[in-house]
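*Asks:* What follows is a protein structure lacking sequence information:
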């Protein structure tokens, strides 16, 4: 038989359950974020181009450890302030755009560019123009070189230039310095169509671009490692919070 006292006890229990279910979970699904970053790192490519593979992997491990520890943080505004700061750091610094306007890590576009350049050089060394062009199409906006005029291609580069003042998303999207391969793409295409097999000049030009892209890639990996450490530090600060 129900009584006012019993009904009040049931109501209080229901409220407690509702409040528990409504509480946010520290640390905001960091496991998925960490897994995505880890999957984007290519150890072989980092080692080949002199990027600090050990450093960025160490930083990722530190973030994982901090996220694991933060799961036991007391429920408080303090803990969630630090967790949200870690989220902000990752959202701002680890989210970038590819030239296809997909979401990638800040190092991934340069990583893809390097692989495309090296692939093209390898095919040119074998005197295979068609396969080389297919690899170059993976580099930056070069994929549209076959269908766009020089003028339109230049606009493709301009709109993705972080220093272009009229488009803020180019800077916010963390585009790297995109390579202008329009002329070399058409030179290779013309030689291939003409049956020419001497691609020495094109190999030299593309090798110079590899050097430039490698420098960018090393810088992006260092940047990523620093960002991961900053996010880990924010999560570590949850240990200073009290209920």
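*Replies:* Done, it's in. Since the model is a prediction, treat every value here as computed from it, not as a measurement.
*Asks:* following the worst-scoring helix or strand of the chain on mean pLDDT, which helix or strand comes up?
*Replies:* Within the chain, no helix or strand scores below helix 4-22, which has a mean of 62 by mean pLDDT, DSSP states H and E. Note on helix 4-22: by DSSP states H and E, the next helix or strand toward the C-terminus is helix 30-40.
*Asks:* Tell me where the model's unsure across the chain.
*Replies:* Counting by pLDDT under 70, the chain shows low-confidence ranges at 1-8, 10-28, 167-171.
*Asks:* quick one: the strands in it?
*Replies:* Along the chain, counting by DSSP state E, strands occupy 96-97, 103-104.
*Asks:* Tabulate those strands (TSV), appending distance to residue 166 and mean neighbour count.
*Replies:* To be clear about C-beta, it is placed using only N, CA and C from the backbone, and glycine gets the same treatment. Supplementary listing: the strands of the chain in TSV, determined by distance: least, C-beta to C-beta, whole Å; neighbours: other C-beta atoms under 10 Å:
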stretch	distance to residue 166	mean neighbour count
strand 96-97	17	19
strand 103-104	23	16
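*Asks:* Make TSV from these and add distance to residue 63 to it.
*Replies:* Listed next are these as TSV, based on distance: least, C-beta to C-beta, whole Å:
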stretch	distance to residue 63
strand 96-97	18
strand 103-104	18
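*Asks:* now for those, which one comes closest to residue 210?
*Replies:* Nearest to residue 210, of all these, is strand 103-104, at 20.2 Å by C-beta to C-beta.
*Asks:* In the sheet, which strands lie alongside that closest one, parallel or antiparallel?
*Replies:* Applying DSSP bridges, strand 103-104 is found paired with strand 96-97 (antiparallel).
*Asks:* What lies in contact with the strand it pairs with?
*Replies:* The contact list for strand 96-97 (C-beta atoms under 8 Å, 6 or more residues apart in numbering) reads 103, 104, 105, 106, 108, 109, 169, 173, 174, 175.
*Asks:* Then stretch 203-211?
*Replies:* Contacts with stretch 203-211, where a contact means C-beta under 8 Å, 6+ apart, come from 114, 117, 118, 120, 121, 124, 125, 179, 181, 184.
*Asks:* hang on, the earlier thing: quick one, which of the strands of the chain is nearest to residue 228?
*Replies:* Evaluated with C-beta to C-beta, the strands of the chain place strand 96-97 nearest to residue 228, the distance being 14.4 Å.
*Asks:* Tell me how far stretch 156-176 lies from the chain's centre.
*Replies:* Centroid separation for stretch 156-176 versus its chain: 16 Å, with C-alpha atoms, centre = their mean, to the nearest Å.
*Asks:* tell me which residues of that stretch are tucked away?
*Replies:* 156, 157, 160, 162, 170, 173, 174, 175, 176 (16 or more other C-beta atoms under 10 Å).
*Asks:* Many thanks, we can stop here.
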